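Undergrad: pasting the sequence and the predicted model now:
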Amino acid sequence: MSARPKGMMHVAALHHEDHKPRHDLFQSYHRPDQEKRIQAKIEDKEMLAPIESAYALQEGNKGHVSRVFRSGSPVAERIRTLLLVCADARMGGMFDFDDFATRGIAVVYVAGNVSGILASPGVKDVFRRMDADSSVVIVGHAKCGAVHCAAERHNYRQHRNISSLLRLVRPEGELENLQAQAQALRDSAIFRSVAGKARIRVLTAFVDISKKEPSICVIGGDAPADADRELIERMEKRFMDRNRKQDLSQQQFAHAVVISGPSLPYDPREIFSADANEIFCVSAGDFGGHAHKGALTGPEIGSLEMAAIGLLDQSAVASAEYSVAKNDTRHILLLHSDLAVIDAWEEELLKKSRMISGALIAGDLEITSAIYDSQTGRVTMVRHLVNEDAARAMDREL
């Protein structure tokens with residue numbers, strides 16, 4: 001990471017395998033009593049320490065690795081359904097492995113399901129992979145924090161990124177916001193250019209978590225195809241089955257913010273086997289879609305290191321800030337198949353967010369870089385960016 005913001009001198013990159021005290025602590029969580037303790041904290045919605053969160057994510061990844069091994073088949077190259085889903089942690093449990101592996105879905109996450117992120121420099125390349133007959137489904141939900149905050153946006157004037165995001169969210173209600181985001185997408189230059197070459201339906205779906213039995217249904221947009229209806233029905237059944245023990249109408253819980261790129265073959269909830277109230281998901285760009293084909297080389301890496309191409313849209317930065325501020329999340333994990341992309345994300349995140357860099361300097365937050373192996377599905381923790389003094393104190397407490 002280059003050109004650190006002022007005050008970052010106290011921040012150090014602790015490499016996961018080489019930092020012995022941290023590594024030994026991480027390994028100690030494999031004891032049955034420690035595993036149960038961490039799982040109980042998640043179930044009780046008690047915030048995890050960042051290193052505990054990293055352990056929980058890596059444990060969840062083991063299930064994904066097994067599914068990739070059993071599958072033995074490549075992921076569908078073309079996107080049949082692109083879903084734009086609110087980043088809210090309560091939205092976990094909608095998709096399964098086969099949705100990505102054989103049915104050709106891709107998911108983009110942003111707070112308030114703001115459709116403008118689909119036109120941002122680092123994300124819009126996902127449209128290049130859309131099938132000739134495909135759909136975009138914008139998924140909103142009841143009790144959306146972004147919609148609630150938009151009605152009180154005057155309280156967020158000091159937070160530049162969040163304030164900018166809230167200007168894109170309709171404060172009248174979740175359904176009104178869904179309609180507005182669908183219209184904004186149809187009016188966007190990127191969608192008009194793609195729609196001229198392919199038949200892409202735009203639908204809106206609503207997740208009602210205000211009742212004991214949650215539901216998901218199509219509420220507007222173009223006439224859905226049979227494949228769209230079948231997908232929503234599967235999403236609803238999985239969402240109900242996997243989250244029956246939770247009251248999703250309550251405040252969300254997220255022990256980590258996971259920032260990942262839409263060019264990865266699976267979304268972070270599948271990669272970490274995460275259901276509702278585990279992780280807050282945010283989508284960032286990579287670099288023209290190269291990453292899903294292999295590592296970047298040469299001048300492409302140089303361009304990424306400059307971090308001047310806007311891989312992290314302001315709405316993505318604001319989404320991460322929202323979870324840190326409203327959910328008290330203490331851990332951000334950057335996930336990609338190429339470390340150069342992660343380096344660019346890290347640099348942009350710290351430059352663009354005083355809130356996140358300030359929390360990192362204060363020792364209230366850690367940022368983990370993790371590499372995804374597209375062949376095996378395995379996630380490897382590379383480094384933890386921490387305030388080293390605060391990290392030592394926290395490790396002693398644990």
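TA: Perfect, thanks for sending it.
Undergrad: okay, CA-based contacts and neighbour counts for the rest of this
TA: Will do.
Undergrad: pLDDT score assigned to D313?
TA: We have a pLDDT of 90 for D313.
Undergrad: neighbours of the closest residue to H15 other than its chain neighbours, how many?
TA: Nearest non-adjacent residue to H15, counting by CA to CA, 6 or more residues apart in numbering: R383, 4.1 Å away. The local packing of R383 (other CA atoms under 10 Å) involves 18 other residues.
Undergrad: remind me what the one helix or strand R383 maps to packs against, helices and strands.
TA: Secondary structure from DSSP states H and E places R383 in strand 379-387. Judged by 3 or more CA pairs under 8 Å, 6 or more residues apart in numbering; DSSP states H and E, strand 379-387 is in contact with strand 11-15, helix 354-362, strand 366-372.
Undergrad: need the next SSE after the first one, C-terminal direction.
TA: Pointing back at strand 11-15 there. Per DSSP H and E, the first helix or strand lying C-terminal to strand 11-15 is helix 20-28.
Undergrad: after that following helix, which helix or strand is next?
TA: helix 32-43.
Undergrad: now that next one, how far from the centre of its chain.
TA: 24 Å (CA atoms, centre = their mean, to the nearest Å).
Undergrad: same question for the helix or strand just after that helix: list its buried residues.
TA: As assigned by DSSP H and E, the chain's next helix or strand after helix 32-43 is helix 50-71. Within helix 50-71, the residues scored as buried using 16 or more other CA atoms under 10 Å are 50-65, 67-68.
Undergrad: so what secondary structure elements neighbour helix 50-71?
TA: Under the contact criterion of 3+ CA pairs under 8 Å, 6+ apart, helix 50-71 touches helix 20-28, helix 32-43, helix 268-271.
Undergrad: let's see 7 Å
TA: helix 268-271 (3 or more CA pairs under 7 Å, 6 or more residues apart in numbering; DSSP states H and E).
Undergrad: could you show me where the helices are in the stretch 101-250 of the chain, in order?
TA: 145-150, 160-166, 174-187, 189-195, 226-242 (DSSP state H, counting those that start in this stretch).
Undergrad: got a list of contacts for the longest one?
TA: Just to be clear, that refers to helix 226-242. For helix 226-242, contacts defined as CA atoms under 7 Å, 6 or more residues apart in numbering pick out 93-95, 214-217, 275.
Undergrad: count the residues that sit near A340.
TA: There are 21 residues near A340, going by other CA under 10 Å.
Undergrad: and it, what element?
TA: Using DSSP H and E, A340 falls within helix 339-352.
Undergrad: for that helix, packing partners?
TA: Helix 339-352 is packed against helix 299-306, with contacts defined by 3+ CA pairs under 7 Å, 6+ apart.
Undergrad: report the angle between the helix holding A340 and helix 354-362.
TA: Here the directions of helix 339-352 and helix 354-362 differ by 100 degrees (axes from the mean of the first three to the mean of the last three CA atoms, to 10 degrees).
Undergrad: show me the biggest strand of the chain in terms of residues.
TA: When the chain is parsed with DSSP state E, its longest strand is strand 130-141.
Undergrad: mind listing what that one pairs with, with the direction of each?
TA: strand 79-86 (parallel), strand 199-208 (parallel) (DSSP bridges).
Undergrad: and of those strands, who's closest to E366?
TA: strand 79-86 (23.3 Å; CA to CA).
Undergrad: quick one: contacts of the closest one?
TA: By CA under 7 Å, 6+ apart, strand 79-86 touches 104-113, 129-131, 134-140.
Undergrad: can you point out the buried residues in stretch 258-269?
TA: Buried-residue list, stretch 258-269, by 16+ other CA under 10 Å: 258-269.
Undergrad: give me the pLDDT for the residue lying closest to L166 once chain neighbours are set aside.
TA: For L166, ignoring the flanking residues on the chain, the nearest one in space by CA to CA, 6+ apart is A150 at 5.0 Å. Per-residue confidence (pLDDT) for A150: 94.
Undergrad: tell me how many other residues surround A150.
TA: So A150, with other CA under 10 Å, has 23 neighbours.
Undergrad: ok, it touching G173?
TA: No - if you go by CA atoms under 7 Å, A150 and G173 don't touch, sitting 9.5 Å apart.
Undergrad: ok so, going back, turn the helices of the stretch 101-250 of the chain into TSV, columns for distance to K352.
TA: Formatted as TSV, those follow (distance: least, CA to CA, whole Å):
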stretch	distance to K352
helix 145-150	20
helix 160-166	8
helix 174-187	24
helix 189-195	25
helix 226-242	34
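Undergrad: quick one: which of those is nearest L25?
TA: Here helix 226-242 is closest among the helices of the stretch 101-250 of the chain (CA to CA), at 30.8 Å.
Undergrad: before we move on, back to that, which ones are touching the residue nearest to L166?
TA: By CA under 7 Å, 6+ apart, the neighbours of A150 are 166, 169-171.
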